[in-house]
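[1] got a predicted structure here, sequence first:
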Amino acid sequence: MRIFILLSSFILVVPYSHARSHCLPAEVNFFSCQIENSSKIVSLCGTTLKNSRKFSNYWDGRLQYRFGSIGKPELTFPKSASLSEFTGEVERHNSGFDTYIHFVNRGFHYSLASVEGVEEENERFYGIIVHRLGDDPNIKPSARLRCKGQPVYKTAPGYYNFFSLAYDLETSKRKSERVKD
């Protein structure tokens, strides 16, 4: 009897966790959360990256941003999932890390953010920051959509996750800039 109750509890929990992400079961859910005071969900979905630490194979992965209601996203970027459309940024502070994954779409700069390098717990920010291209990013953004709670970060095989993805995007950009010089 105990096994049946435990099993039925597990079955009820699994669909709910998938319902809070736009990612398909075969994809890695790098970042997903419900937006505060909204039913909208933001997800960063992708594939595991083969030899992700080796620059030559790095761009074999796929990554796609999805925002909106489950089953009816308002924004899917890029249309054909591509890692090359994204950049990453990791800032180290005494109290933690600020991690961002950025992309540009239709005149706006989007940042998926995990800001934990702050002194006070209530200053942490998880969500989306949107700026109109050309605006000073230090001035109030066009939109700042906070996650309801902390995002779900799934770890791909090899402990690959949102944070290591942002780091790899950042370092691969620096490497490609050095190649151009």
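    All right, it came through fine.
[2] so which strand or helix has the closest residue to E74 other than its chain neighbours?
    Closest residue to E74 in three dimensions, ignoring its sequence neighbours and counting by Cβ to Cβ, 6 or more residues apart in numbering: G68, at 3.6 Å. The way it works is simple: take the backbone N, C-alpha and C, and place the C-beta from them, glycine included. Secondary structure assigned from DSSP states H and E places G68 in strand 63-69.
[3] what average pLDDT does that strand get?
    Strand 63-69 shows a mean pLDDT of 95.
[4] next, the angle strand 63-69 makes with the lengthiest strand in the chain.
    As far as residue count goes, and with DSSP state E defining each element, the longest strand of the chain is strand 96-105. Here strand 96-105 runs at an angle of 80 degrees relative to strand 63-69 (axes from the mean of the first three to the mean of the last three Cα atoms, to 10 degrees).
[5] in strand 96-105, what's buried?
    Within strand 96-105, the residues that qualify as buried are 98-103, counting by 16 or more other Cβ atoms under 10 Å.
[6] now do the very next helix or strand once past that strand and strand 63-69, the angle between them.
    Along the chain past strand 96-105, the next helix or strand (assigned with DSSP H and E) turns out to be strand 108-115. Note on geometry: by the same axes, to 10 degrees, strand 108-115 and strand 63-69 are set 90 degrees apart in direction.
[7] neighbouring contacts of whatever helix or strand comes next after strand 108-115?
    Sequence-wise, the next helix or strand beyond strand 108-115 is strand 125-132, with elements assigned using DSSP H and E. Among residues not part of strand 125-132, those counted as contacts by Cβ atoms under 8 Å, 6 or more residues apart in numbering are 33, 35-36, 42, 67, 107-115, 137, 141-147, 149-151.
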